[in-house]
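>>> A predicted structure for the sequence below; I have some questions about it.
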Amino acid sequence: MKQLLSALCAGLLFGTGIALSGMINPAKVLNFFDIAGTWDPSLAFVMGGGLAVAALGYRLLFGVREKPLLAERFQLPTRNDLDPQLIGGAAVFGIGWGIAGFCPGAAIPALGLGYADTLVFLASLIAGILVAKGLKAHFFTAV
């Protein structure tokens, strides 16, 4: 129960930050990508601020604690290589973000705005996840 409450609090904090920064507005995000037109650099500042806080948090957390407060161990990636699935997934993510103006993290709090585009994006996201899982199961089965 503590883990769920902790996740809820973290999600609410993230959603509030995304909403306050204006990143739930797809037009603001798309303007970041429109370098030759109505360029808006504020997304870079939001990302930079998030990166700075995360880097500091990781540095402090891993320097002090051997395990998280509400789990038996830290859940960290064990791989550090770049494979075609990672590169392809990152490319698809970036292209989709540039077309729609949403990333999954911003689309959830944007549901509160009641725009139909948000629902279409999330439905497409879920469909894409299901297709990717099917393709992965078909083409990348364990040997």
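Thanks, I have the structure now.
>>> Can you dump the C-alpha atoms of the helix or strand where residue 90 lies in PDB for me?
Using DSSP states H and E, residue 90 falls within helix 84-100. Extracted in PDB, the C-alpha atoms of helix 84-100 (Å, rounded to 0.1, in the frame of the first residue of the first chain):
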ATOM      1  CA  PRO A  84      18.300  -1.900 -32.900                       C
ATOM      2  CA  GLN A  85      15.100  -2.200 -30.800                       C
ATOM      3  CA  LEU A  86      16.200   0.700 -28.500                       C
ATOM      4  CA  ILE A  87      17.300   2.900 -31.400                       C
ATOM      5  CA  GLY A  88      14.100   2.100 -33.400                       C
ATOM      6  CA  GLY A  89      11.900   2.700 -30.400                       C
ATOM      7  CA  ALA A  90      13.500   6.000 -29.600                       C
ATOM      8  CA  ALA A  91      13.100   7.100 -33.300                       C
ATOM      9  CA  VAL A  92       9.400   6.100 -33.300                       C
ATOM     10  CA  PHE A  93       8.900   7.900 -30.000                       C
ATOM     11  CA  GLY A  94      10.600  11.100 -31.300                       C
ATOM     12  CA  ILE A  95       8.700  11.100 -34.600                       C
ATOM     13  CA  GLY A  96       5.400  10.500 -32.800                       C
ATOM     14  CA  TRP A  97       6.200  13.300 -30.300                       C
ATOM     15  CA  GLY A  98       7.000  15.700 -33.100                       C
ATOM     16  CA  ILE A  99       3.800  14.900 -35.000                       C
ATOM     17  CA  ALA A 100       1.400  14.800 -32.100                       C
END
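>>> Check which residues of that helix are buried.
96, 97, 100 (16 or more other C-beta atoms under 10 Å). All C-beta spots, glycine's among them, are computed from the backbone N, C-alpha and C.
>>> Let me know the closest of those residues to residue 133.
residue 96 (16.5 Å; C-beta to C-beta).
>>> And the helices in the chain?
Ranges of helices within the chain are 2-21, 26-33, 42-64, 84-100, 104-110, 116-139, based on DSSP state H.
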